[in-house]
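Novice: fold the stuff below for me.
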Amino acid sequence: MRSFGSALVALLVAGAGASDASLASRAAAQNAETVYTDVLGRERILRRELDVAPQRGTQAPGEPPGMLLDRVRTTVGAYEALVREFPKSGYSDNALWQGALLSADAFWQFGEALDRTTALHLFGLLKSQYPSSSLIPRVAGHVSRLTAADGGAPAMLRAIRREALPDALRITLEFEREAIFDEERVDGPPRVFLDLRNTQAVEALKDATIAFPDDVVRQARIARQQDSRTRVVFDLQSAGRHSVYSLYNPYRIVIDFERAAGAREVGVPREVGVVSGFSRTGTTATKEPPPAQPDAPAPPAPPSSAATNRRGGFSLSRQLGLGISRIVIDPGHGGYDPGAQVRGLNEAELVLDIGLRLEQLLTRERGVAVVLTRRTNAYVSLEQRTAIANRSAADLFLSIHANASANVSVRGFETYFLNFAPNPEAEAIAARENSGSSKTMGSLPDIVKAIALNNKIDESRDFASMLQQSMHAQLRRVDRTARNLGVKQAPFMVLVGATMPSALVEVSFLTHRQDATLLRTTNYRQQIAEALAGGILKYQQSLKAAAPKVAVQ
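Specialist: Below is the predicted model of the structure:
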C-alpha cells in the first residue's frame, strides 16, 4: 500500500507541471511546522524547569551545574536551525521570536552576557529578515530593556588598529568590554559601516577621520549618534569583499577587506595603533611618522631548499627544515551520520570514495605514508579523527566533505583552515559539520583558546590555498562553469586540537543539480582526488626540496 501511495504521489507530481512549486512549498511548510512544533514542545518543558529554578546559577534537581542553561541554548540553536533550513516558511519569524525570548529570559535568570547578546541578535534578525511580521511591534520594548541591562554604562571604543596583510587589509576595533553592533554595506560610493549600540569612543577617537592612503580602505570616520550609539564608517577605494567577526579578551571587532587578485600592500606599515600612533587635528586624525631606526644588517639568504610562505616569511616549520611524509586523510561523516543526502547522493559514501582514490594516488609517491580515519561506512567521532592524526604523528591532516545549502542555486568548491568564523555563511557550515561533536559548553574556553593560539595558522592557510588552487585548475578542465569559492576560515571541531597543518575541503554542493550530476560520475570523483593530491604535493614541495633518493641495497 505504501509503494502504491508513493507511486501515486510520483505520478501526480510528474503530471502537475506548473503546480510543482506549490507542492514543494506545501511539503516544506509541513516540514517546518513539524520541526517548529517539536522545538516548541521542548521549550515548554524547559520553561517548567526554569520556573522552579529562579535563582541565578541554579539548575533542575539532579542536573550538573549549568546543564539547564546548556539545554536552553541548545533549544535556541534549534530555532535558529529551523530558520536557516526554512527561511521562507511562515514559522521562521515565530522561531526567531521564540528563540529571542528564550535567550532573553535565560539572561534575566542566569545573568550571562552571551544570552543577552544572542537575544539581541535574534531580535535584529527578526526585524531585518521579516519586516512585515506581526511580531515586529513587540520587539522594541525587549531590545530597549536588554540594551539598558548593564546599568547604562556605555562600552568604550579604545583603539582602532590597522594591519596590512598580503591579500587583505585588517582593521580591528578594540573595546573595554563586549559591544552590540549592526553591520551594513552600501554602494555608490562603496562603504561599510558599523553601528555600535550603547558605545562611546575615547577622546582621541571622537568625531575623528582617519586616512588610510593607498589602500583598499580610503578612510575611517567615527561619529556620535543618538541613543548613545557610535557609528564607524569605512570609505572604500574599491568594492571588494569583506568579512566581520568578533574576538575576546579583550573584546574586538575585526573587519577584513580583501584586495583585488594580485594586489599587495605598498609602502604601509604592518600595524598602526590609532590611539598611540595618531594625533588629532580638529576632526582629522593624522599619522605621526615613526621614529628613525638605525640601518639593520641584511638578513642572511635563506637556504635554496626552503621557500617562503604566502606572507613572505619563514614559519618555524620552514626555519627547522621540516617536511611532509605522513598524511592523514579524513573522509567526513559515516555510519549513522550520513552527512548531506540529496537525490540518492550520500555525503559519507561520496567522500569515502574520494578519500580512497586519494590514498591510491599518494601512495605512488616515494616517501609518503597515508593514514585514513575510516575505510568503511563506520562512524568516527570528530574528536577521534583528530586523535588518530595526532597518534599517527601525522605531518598533514585533510578532512574531505561535500557541501549543502537551502539555496539550490549555490554551487562550487571551497577550502577552510581553522580560525574563527568571519561571516554567517561560514558560521552555518561550521554549525552543520560540528553537529556530531560530543563536546559540551564546559569545553568552550579550551576550544576558543586552541583556536586563538593556533600556531599552525599560517601553514594551514598555505595548505588550504594550494588545495584550492589545485581544485580550480583541475576541475575547470572538466566543467568550465565550476565555481571557485575561495579559501575561508571557520572553527571546525575536526580541526581543533590537530598538532599539524590541517584543512577541510568542501568538494561541491550536493544540493546543486549540476554539481550533483557530476559527483555521481567516477570520472569527476577521480578528478577531485587528483586535484587534492596535486595540492598536497605542491604544499609538500613548498616546505623544502625533496631529499635525494638513496638506493636500497
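Novice: hey, C-alpha coordinates of the biggest strand by length in the chain in PDB?
Specialist: In the chain, taking DSSP state E as the definition, the longest strand is strand 155-164. Provided in PDB are the C-alpha atoms of strand 155-164 (Å, rounded to 0.1, in the frame of the first residue of the first chain):
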ATOM      1  CA  ALA A 155      31.100  50.300  26.200                       C
ATOM      2  CA  MET A 156      34.300  52.300  25.300                       C
ATOM      3  CA  LEU A 157      35.900  52.100  21.900                       C
ATOM      4  CA  ARG A 158      39.500  52.300  22.900                       C
ATOM      5  CA  ALA A 159      41.500  51.800  19.700                       C
ATOM      6  CA  ILE A 160      41.300  51.200  16.000                       C
ATOM      7  CA  ARG A 161      44.200  49.200  14.700                       C
ATOM      8  CA  ARG A 162      45.200  48.600  11.100                       C
ATOM      9  CA  GLU A 163      47.200  45.600   9.800                       C
ATOM     10  CA  ALA A 164      48.200  45.200   6.200                       C
END
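Novice: that one pairs with which strands, parallel or anti?
Specialist: Using DSSP bridges, the strands paired with strand 155-164 are strand 168-175 (antiparallel), strand 199-201 (parallel), strand 271-273 (antiparallel).
Novice: mean pLDDT lowest for which of those?
Specialist: Confidence, taken as mean pLDDT, is least for strand 271-273 of the strands paired with strand 155-164 (a mean of 37).
Novice: counting contacts, what elements does the helix or strand where residue 99 lies pack onto?
Specialist: Using DSSP states H and E, residue 99 maps to helix 92-110. Counting contacts by 3 or more CB pairs under 8 Å, 6 or more residues apart in numbering; DSSP states H and E, helix 92-110 packs against helix 20-51, helix 67-85, helix 113-129, helix 139-147. Every residue, glycine included, has its C-beta placed from N, CA and C.
Novice: now the angle from that helix to helix 67-85?
Specialist: On the basis of axes from the mean of the first three to the mean of the last three CA atoms, to 10 degrees, helix 92-110 is oriented at 160 degrees to helix 67-85.
Novice: in helix 92-110, which residues are buried?
Specialist: For helix 92-110, a neighbour-count test (16 or more other CB atoms under 10 Å) marks 92-107, 109-110 as buried.
Novice: do stretch 348-363 as well
Specialist: Of the residues in stretch 348-363, 348-355, 357-359, 361-362 count as buried by neighbour count, 16+ other CB under 10 Å.
Novice: before we move on, back to that, quick one: the strands paired with strand 155-164 as a markdown table, columns for mean neighbour count and distance to residue 378 too.
Specialist: Formatted as a markdown table, the strands paired with strand 155-164 follow (neighbours: other CB atoms under 10 Å; distance: least, CB to CB, whole Å):
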| stretch | mean neighbour count | distance to residue 378 |
| --- | --- | --- |
| strand 168-175 | 21 | 40 |
| strand 199-201 | 21 | 51 |
| strand 271-273 | 15 | 47 |
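Novice: export those strands to a markdown table and tack on distance to residue 342?
Specialist: Formatted as a markdown table, the strands paired with strand 155-164 follow (distance: least, CB to CB, whole Å):
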| stretch | distance to residue 342 |
| --- | --- |
| strand 168-175 | 34 |
| strand 199-201 | 44 |
| strand 271-273 | 45 |
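Novice: who wins for proximity to residue 145 among those?
Specialist: Smallest distance to residue 145 across the strands paired with strand 155-164 (CB to CB): 18.0 Å, for strand 199-201.
Novice: residues contacting that closest one, please?
Specialist: For strand 199-201, the external contacting residues (CB atoms under 8 Å, 6 or more residues apart in numbering) are 154-157, 175, 179, 181, 206, 208, 222, 224, 228-230.
Novice: make CSV from the helices and strands packed on helix 92-110 and add mean neighbour count and mean pLDDT to it.
Specialist: Shown next, in CSV, are these (neighbours: other CB atoms under 10 Å; pLDDT from 0 to 100):
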stretch, mean neighbour count, mean pLDDT
helix 20-51, 14, 75
helix 67-85, 19, 86
helix 113-129, 19, 87
helix 139-147, 15, 81
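Novice: for the nearest residue to residue 100 once chain neighbours are set aside, what are its contacts?
Specialist: Spatial nearest neighbour of residue 100, excluding adjacent residues (CB to CB, 6 or more residues apart in numbering): residue 122 at 3.7 Å. Contact analysis of residue 122 by CB under 8 Å, 6+ apart lists 76, 79, 80, 96, 99, 100, 103.
Novice: residue 134 versus the third one, what's the distance?
Specialist: It refers to residue 80. Taking CB to CB, to the nearest Å as the measure, residue 80 falls 21 Å from residue 134.
Novice: mean confidence score for the helix holding residue 99?
Specialist: For helix 92-110, the mean per-residue pLDDT is 89.
Novice: just the element for residue 385, please.
Specialist: Counting by DSSP H and E, residue 385 is part of helix 382-391.
Novice: got the buried residues for that helix?
Specialist: Residues 382, 383, 385, 386, 388, 389 are the ones in helix 382-391 that count as buried (16+ other CB under 10 Å).
Novice: next SSE after that helix?
Specialist: Counting by DSSP H and E, the next helix or strand C-terminal to helix 382-391 is strand 396-403.
Novice: and the angle from that next one to helix 382-391?
Specialist: For strand 396-403 against helix 382-391, the angle by the same axes, to 10 degrees is 150 degrees.
Novice: packing partners for strand 396-403?
Specialist: When contacts are defined as 3+ CB pairs under 8 Å, 6+ apart, strand 396-403 packs onto strand 326-331, helix 347-362, helix 382-391, strand 502-509, helix 522-543.
Novice: for residue 207, see how far away the nearest residue to residue 211 once chain neighbours are set aside is.
Specialist: Distance criterion CB to CB, 6+ apart; nearest residue to residue 211, sequence neighbours excluded, is residue 219 at 4.9 Å. Residue 219 sits at a distance of 13 Å from residue 207 (criterion: CB to CB).
Novice: so for those two, which residue has more residues nearby?
Specialist: Between residue 219 and residue 207, counted using other CB atoms under 10 Å, residue 219 has the larger neighbour count: 18 against 14.
Novice: now the angle from the strand or helix carrying the more buried one to strand 168-175?
Specialist: In this assignment (DSSP H and E), residue 219 forms part of strand 217-224. If you take the same axes, to 10 degrees, strand 217-224 sits at 20 degrees to strand 168-175.
Novice: use 43 as the first number for this chain going forward.
Specialist: Yep, numbering from 43; the last one is strand 259-266 now.
Novice: which residues does strand 259-266 contact?
Specialist: 199, 202, 211, 213, 242-243, 247-254, 272-279, 299.
Novice: mind checking which of the residues you listed are buried?
Specialist: 199, 202, 211, 213, 242-243, 247, 250-252, 254, 272-279, 299.
Novice: can you verify my assumption that residue 375 contacts residue 391?
Specialist: No: at 9.0 Å, residue 375 and residue 391 do not qualify as touching, with contact defined as CB atoms under 8 Å.
Novice: picking that back up, wait, which of the contacts of strand 241-243 is closest to residue 561?
Specialist: For the contacts of strand 241-243, the nearest to residue 561 is residue 223 (39.6 Å; CB to CB).
Novice: what's the local residue count around the closest one?
Specialist: 23.
Novice: would you confirm that it contacts residue 297?
Specialist: No: with contacts counted by CB under 8 Å, residue 223 stays clear of residue 297, the gap being 10.8 Å.
Novice: joint contacts of those two?
Specialist: Shared contacts of residue 223 and residue 297, counting by CB under 8 Å, 6+ apart, come down to residue 236.
Novice: that older thread, format the contacts of residue 164 as a markdown table; extra columns: distance to residue 508.
Specialist: Below are the contacts of residue 164 laid out as a markdown table (distance: CB to CB, whole Å):
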| residue | distance to residue 508 |
| --- | --- |
| 118 | 39 |
| 121 | 39 |
| 122 | 34 |
| 138 | 40 |
| 141 | 40 |
| 142 | 43 |
| 145 | 41 |
